[in-house]
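# dropping a prediction and its sequence here:
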Amino acid sequence: MSGARDSEQGLRTGPSQDEIRRLNLGALLRYVHLRGPTSRAELTTNLGLNRSTIGALTADLAAAGLILEELPRDRGRAGRPSLVVRPEPAAYVFAFTIEADRITAARVGLGGVILDRRDTPRPRGELPPVEVVAPLADAVRAMQRSIPPGARYIGSGAAVSAMVRREDGLVRLAPHVGWVDEPLGETLAKVLGPDRPVTIRNGADLRALAEHTRGAAVGCDNLVYLHGDAGIGGGIIAGGRPMTGHGGYGGEVGHMVVNPAGSPCGCGARGCWETEVGEAALLRAAARDGYGRELVAAVVDAAARGDAVAQNAIRQVGDWLGFGVANLVNIFNPEMVIFGGSLREVYLAAAAQVRSRLNRNGLPACREHVRLRTPLLGDDAALLGAAEVAFEPLLKDPLLP
Amino acid sequence: MTATPLLEVRGINKSFGPVQVLRDVDFAIYPGEVTALVGDNGAGKSTLVKCLSGIHPIDSGEYYFDGNPVTVHSPRDAASLGVEIVYQDLALCDNLDVVQNMFLGRERRNGIVLDEVTMEQLASETLTSLSVRTVTSVRQLVASLSGGQRQTVAIAKAVLWNSKVVILDEPTAALGVAQTANVLELLRRLADTGHAVVLISHNMNDVFAVSDRIAAMYLGRMAAQVKATDVTHAQVVELITAGRSGELGLAPSGTESVNGVES
């Protein structure tokens, strides 16, 4: 911030040697963290740094226990082989996801490898926060027992299907678990210790981030991620940055009102998009009782086998899905829209419907390059996204104590 | 997206005896894109694809690869250009394992013995590069695989040979819903890694779920080749069944008589 003010007054001196070094260390660590093992030669070309600078940086990072250097396995070419730099998974974070039907805790190493994970299924419906935090705490303790010596804890991240205040992880509203103003960040910090940060974010935002950094949308700077479970969550990345709004509550695409005459939504409004395309809408239209992704898959399966009621339900939901996507495409002009969670199955079954709607309702200039895709990371996306935000302080300043 | 097609044919004609199966067909395939080839039964989709892969010699017409005119007389010519086809019946050997199938007829040797280690490594690298998680062991017999897994192996086999064009004849026809989803995602990933992919399918959802372009054939002619972002479901169905839809498709003139029947 002070840098910006300085430059306004024309007083800005160049960044100090220390700052440059920190930036370069961060850039190098982020590169191998996201892209995996990379030879020094490639790093030199891709980061645009001097060969000896790369050498000094890797030495610093190796001393800090963040990377490993080794000779490449396959030596097909003549000449001295360039050392391969790989992220050291001994630096780890805890990542948590609180989803509609399960709670997951995992230990994720640098480089985005899931080293250990514990899933706890949970019933749908309201759930007091204690019953969420207790299994997470148990899982953390169990995982801590198997951590090899020398491993280094960086921080934690959690993905919740809820509206979360960015600064302190206060869950403002989680309609599907029935939480209002729940200090999840504080509670988790008590479990994990106060010396390292615990970052709480919206699940769909983190899925979007994960697909952007290592999934289907690598290299794609404008994307909309739609996630279906109990409701519809949205994660938006615009110009390469997550678009979360002023307080961190943005991207609630499930609550755009598409049908004022529609049915009431859990949020209190009427005719929200999720009441027309959510799981409940599909299952209602297909005359099924119950909930869950298996049931959605069963409806899709029945439709493929010729069940007319299921086919109708898919068509109807696909139509509404197309309407909403057309709106989002007109507003954000994304390169890619990703359908995750139960929306993946729904999209694949109703793709023609969705595309037709988009082609009829989307503005030609906005939709001409949009690609409709399914996620690459599958169910791990939320965990990897949570790990990503937990690693963020380290990637900003790799030599932080 | 890309201006130059990787593979293009212009004015292809093909007759089997007195029956003209393809008339003046133009078809272009672009790298990094999935092109869906749709049409009713007997519209000439399979024949067109067999002409592309050199199984059927063409009677007349031009064949361009990467902008250069080439002649393709046999499947071997097509394979050397990097054109691979995955057939409906998959053409895998049940009594061999995944690695043996992928290298069938093109085995790696180390001296006089087969280089099993390298082959196994290459096979699993190919499967990993396609993010295939459904096949757990590359030493499984193909007989023990499900339909979706077989399709995956057949596609991976096509990719292993540095192919640039991968043509799939109804890859999802015999699959369940979950396997179909996996195969469609695999196709998409194939295109995203720069391959030019052709998908023959009757399922409009599959077509719209993955393709960038749609080529519709009607009674041996190419009715239209359009971007998927420009047409709706209903338009494609019209192209398939009537050969035209609004301004798209074949000209509605008296010249359009097929097998003597005025349409």
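Cool, the structure landed. Residues are numbered from 1 along each chain as shown, chains lettered A, B, ... in the order given.
# so where is the stretch 51-200 of chain B shaky, pLDDT-wise?
Low-confidence segments of the stretch 51-200 of chain B (pLDDT under 70): B:89-90, B:131.
# got the residues of it near chain A?
B:131, B:176, B:177, B:178, B:180, B:181, B:184, B:185, B:188, B:189 (Cβ under 8 Å from any Cβ of the partner chain). From N, CA and C alone the C-beta is placed, and that goes for glycine too.
# which of those are buried?
Among those, those buried by neighbour count (16 or more other Cβ atoms under 10 Å in any protein chain shown) are B:177, B:180, B:181, B:184, B:185, B:188, B:189.
# list of residues touching stretch A:392-401?
Contact partners of stretch A:392-401, identified using Cβ atoms under 8 Å, 6 or more residues apart in numbering or on different chains, comprise A:22, A:25-26, A:29-30, A:33, A:60-61, A:64, A:66, A:91, A:110, A:154-155, A:197, A:199.
# please apply the same query to stretch A:172-188.
With Cβ under 8 Å, 6+ apart as the criterion, stretch A:172-188 contacts A:96, A:98, A:100, A:124-127, A:129, A:132-133, A:136, A:156, A:158, A:160-165, A:168-171, A:198-200, A:229-231, A:249, A:266-267.
# give me every residue that touches whatever residue of the stretch 151-300 of chain A ends up closest to chain B.
Distances between the stretch 151-300 of chain A and chain B by Cβ to the nearest Cβ are smallest at residue A:300, namely 5.3 Å. Residue A:300 makes contact with A:310, A:314, A:345, A:346, A:348, A:349, B:177 under the criterion Cβ under 8 Å, 6+ apart.
# which helix or strand contains the spatially most central residue of chain B?
With distances taken as Cα atoms, centre = their mean, the residue of chain B nearest its centroid is residue B:167 (1.8 Å). Following DSSP states H and E, one finds residue B:167 within strand B:165-169.
# packing partners for the helix or strand following that strand?
Next along the chain after strand B:165-169, taking DSSP H and E as the criterion, comes helix B:177-192. Applying 3 or more Cβ pairs under 8 Å, 6 or more residues apart in numbering or on different chains; DSSP states H and E, one finds that helix B:177-192 makes contact with helix A:293-304, helix A:342-349, strand B:34-39, helix B:147-160, strand B:196-200, helix B:204-210.
# contacts for the fifth one, please.
For strand B:196-200, contacts defined as Cβ under 8 Å, 6+ apart pick out B:6-7, B:29-38, B:45-46, B:49, B:164-171, B:187, B:190-191, B:206-207, B:210-211.
# can you list the domain ranges for the chain.
Chain wasn't specified; assuming chain A. By the assignment in automatic domain parsing, chain A contains the domains A:12-72+A:79-87, A:91-206+A:381-396, A:216-375.
# I was after chain B.
As assigned by automatic domain parsing, chain B contains the domains B:7-82+B:163-262, B:91-161.
# tell me which of those sits most buried.
Among the domains of chain B, domain B:7-82+B:163-262 has the highest mean neighbour count (mean count of other Cβ atoms under 10 Å in any protein chain shown), at a mean of 19.
# list the contacts for the closest residue to residue A:292 other than its chain neighbours?
Leaving aside its chain neighbours, residue A:292 sits nearest to residue A:101 (6.3 Å; criterion: Cβ to Cβ, 6 or more residues apart in numbering or on different chains). Applying Cβ under 8 Å, 6+ apart to residue A:101 gives the contacts A:121, A:122, A:123, A:124, A:229, A:292, A:293.
# can you give me the strands for the stretch 1-150 of chain A?
Along the stretch 1-150 of chain A, counting by DSSP state E, counting those that start in this stretch, strands occupy A:38-39, A:67-70, A:84-87, A:91-98, A:102-109, A:113-121.
# check the stretch 151-300 of chain A too.
A:152-160, A:163-164, A:171-174, A:179-182, A:198-202, A:223-228, A:232-238, A:241-242.
# who touches the fifth one?
Outside of strand A:198-202, the residues that reach it under the criterion Cβ under 8 Å, 6+ apart are A:155-164, A:166, A:169, A:171, A:184-185, A:188-189, A:192, A:233, A:235, A:244, A:248, A:251, A:385-386, A:389-390, A:392.
# pLDDT averaged over that strand - what is it?
Here strand A:198-202 scores 92 as its mean pLDDT.
# and the angle from that strand to strand A:223-228?
Using axes from the mean of the first three to the mean of the last three Cα atoms, to 10 degrees, the direction of strand A:198-202 lies 80 degrees away from that of strand A:223-228.
# what parts of chain A come near chain B?
A:297, A:300-301, A:304, A:344-345, A:347-356, A:359-360, A:367-374, A:376.
# follow-up on the earlier one: farthest pair in the contacts of residue A:300?
For these, the farthest-apart pair by Cβ to Cβ is A:310 and A:348; their separation is 14.3 Å.
# pretty sure residue B:224 contacts residue B:215?
Yes. With contact defined as Cβ atoms under 8 Å, residue B:224 and residue B:215 form a contacting pair (7.4 Å).
# thinking again about what came up before, check the contacts of stretch A:392-401 and tell me the two furthest apart.
A:60 and A:199 (25.7 Å).
# neighbour count: those two, which is higher?
The neighbour count for residue A:60 versus residue A:199, taken as other Cβ atoms under 10 Å in any protein chain shown, is higher for residue A:199 (23 against 18).
# the more buried one and residue A:157, how far apart?
Relative to residue A:157, residue A:199 is positioned 5 Å away (Cβ to Cβ, to the nearest Å).
# got any residues that touch both of the two?
Common contacts of residue A:199 and residue A:157, defined by Cβ under 8 Å, 6+ apart, comprise A:386, A:389, A:390.
# residue in the stretch 51-200 of chain B with the shortest distance to chain A?
Counting by Cβ to the nearest Cβ, the stretch 51-200 of chain B gets nearest to chain A through residue B:177 (4.5 Å).
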